[in-house]
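In: Below is the structure, and that's it, no one-letter string:
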DNA sequence: TCTGGGGTCCTAGGACCC
DNA sequence: TCTGGGGTCCTAGGACCC
């Protein structure tokens, strides 16, 4: 192994591709180089790539959910924000183009974007649909490019091949790389050296740092910590005293000490799986609420089966009109991802938590303590025999559904929820009637 | 009778992310 | 901005044990 390379301390400036001047000092050899790439208004970006006529217009997505999920920069300029109700957009901004989300396309573009990054980088962590981290450390030599050049190439290829705009950050840690990719947006490329990190952090409000949410920001503000630099300037002992472990990690990362690993393993292990649905107006209709829960149980079990996971327990919850949670935790006698096993257990608890006269706005189911599926003991006389019969049936149905590319069979208790969906302009419920399985 | 110190496991709930 | 649908991790505190 060669010793760490001496670095000269000359600092030069360079122009990023969008013309912004960014300080680019020497990158110290022993430090990591982490890339963070972030799609600019990603969902809307994909819509524009699909239909270039939309370029330059105020566009939002989220029509089917009733709130804005993504918005173009033109829409933002009008004063529209994420989460704004669609009816308000229609009323106050009649010229804005409102689109339903097209999740399949988003996944497709997301995959293509990550594949471009992987042309250059082996260790890529797909952090969310529109963001990933890449470990560039040491790739400059074999690729024959500077780190900045690698980032520029990736950006150019995403721009040209996918017609998508992205912002990129390069820094010695993940947290700093997030600061960097956010620094110039859209279409930015920013490098943060640890020696220069303070210059950036001075201009970043503490609440903008990844991992510091509104609660903690407020607490810190009360202690006169307003910017990321204020936080940086505290000593670690103080952080430990006031806050919990994740914040020590953030402090170290801001100081250029990389403690968060890049996790490039594809996501196949979940510790929980959740399905929820809100509706308006809020309702007390028991049949309706139960059918919603029934559907959530079916859908969450389907997802668990897809990843070969079984829960040891699960919870059902109702959220009231006033955003109060009522939940019931249910332990399974033996782990199972067959809805027929969960449903009767859930029903008893549902009867308990559902109160007369209370209006509910959301239903939800979470499968918890997921573990890798195992073949149940061959106990022919006990409940396991029945459970494994259900598992066999579901495996067949899952295969069928994969073949048809859609959900074809539902349990009878879910019927009401399906009908309701059909009314919203979804699938034809008469088609589904044939496929209901009654127990 | 009165009482210590330490460990593990579990749960609820808070806080955060996109 | 009266608020969608997924997730993760951490901590405090109780139960139980020696």
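Out: Now that the structure is in, tell me what you want to look at. Keep in mind that what you see is a predicted model, and the values were worked out from it rather than measured.

In: pretty sure residue A:328 is in a strand, no?
Out: Yes - assessed with DSSP: H, G, I helix; E, B strand; the rest coil, residue A:328 lies in a strand.

In: give me every residue that touches the closest residue to it other than its chain neighbours.
Out: Counting by CB to CB, 6 or more residues apart in numbering, residue A:328 lies nearest to residue A:349, which is 3.8 Å off, once chain neighbours are set aside. All C-beta spots, glycine's among them, are computed from the backbone N, C-alpha and C. Contact partners of residue A:349, counting by CB atoms under 8 Å, 6 or more residues apart in numbering, are A:316, A:328, A:330.

In: Could I get the residues you listed in a markdown table, plus columns for distance to residue A:122, neighbour count and pLDDT?
Out: Formatted as a markdown table, the contacts of residue A:349 follow (distance: CB to CB, whole Å; neighbours: other CB atoms under 10 Å; pLDDT from 0 to 100):
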| residue | distance to residue A:122 | neighbour count | pLDDT |
| --- | --- | --- | --- |
| A:316 | 42 | 24 | 94 |
| A:328 | 45 | 17 | 91 |
| A:330 | 43 | 17 | 91 |
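
In: Now distance to residue A:307 too, for the residues you listed, in CSV please.
Out: Output for the contacts of residue A:349, formatted as CSV (distance: CB to CB, whole Å):
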residue, distance to residue A:307
A:316, 21
A:328, 24
A:330, 21
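
In: Which of those residues sits closest to DNA strand B?
Out: Compare each of the contacts of residue A:349 with DNA strand B using CB to the nearest atom of the strand and the shortest gap goes to residue A:328, at 8.4 Å.

In: Any idea what the closest one is bridged to?
Out: residue A:316 (DSSP bridges).

In: Get me the contact residues on chain A for DNA strand C.
Out: A:65-67, A:69, A:81-85, A:88, A:244-246, A:270-278, A:280, A:303, A:323, A:361-362 (CB under 7 Å from any atom of the strand).

In: how about stretch A:241-252: buried residues?
Out: For stretch A:241-252, burial by neighbour count (16 or more other CB atoms under 10 Å) applies to A:243, A:247, A:249-252.

In: out of those, which are inside helices?
Out: Using DSSP state H to define helices, the subset of those located there is A:247, A:249-252.

In: quick one: is stretch A:125-133 near DNA strand B?
Out: Yes - using CB under 7 Å from any atom of the strand, stretch A:125-133 reaches DNA strand B at A:127-131.

In: what's that stretch in contact with?
Out: So stretch A:125-133 is contacted by A:34-39, A:42-43, A:106-107, A:110, A:113-114, A:117, A:124, A:134, A:174, A:177, A:262-264, A:266-267 (CB under 8 Å, 6+ apart).

In: check those residues against DNA strand B, which are close?
Out: Applying CB under 7 Å from any atom of the strand to the contacts of stretch A:125-133, none is adjacent to DNA strand B.

In: Report the buried members of these.
Out: For those, buried by 16+ other CB under 10 Å: A:34-39, A:42-43, A:106, A:110, A:113-114, A:117, A:124, A:134, A:174, A:177, A:262, A:264.

In: circling back to that earlier point, now tabulate the buried residues of stretch A:241-252 in TSV and tack on pLDDT and distance to residue A:49.
Out: Below are the buried residues of stretch A:241-252 laid out as TSV (pLDDT from 0 to 100; distance: CB to CB, whole Å):
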residue	pLDDT	distance to residue A:49
A:243	93	41
A:247	96	38
A:249	95	36
A:250	96	34
A:251	97	39
A:252	96	38
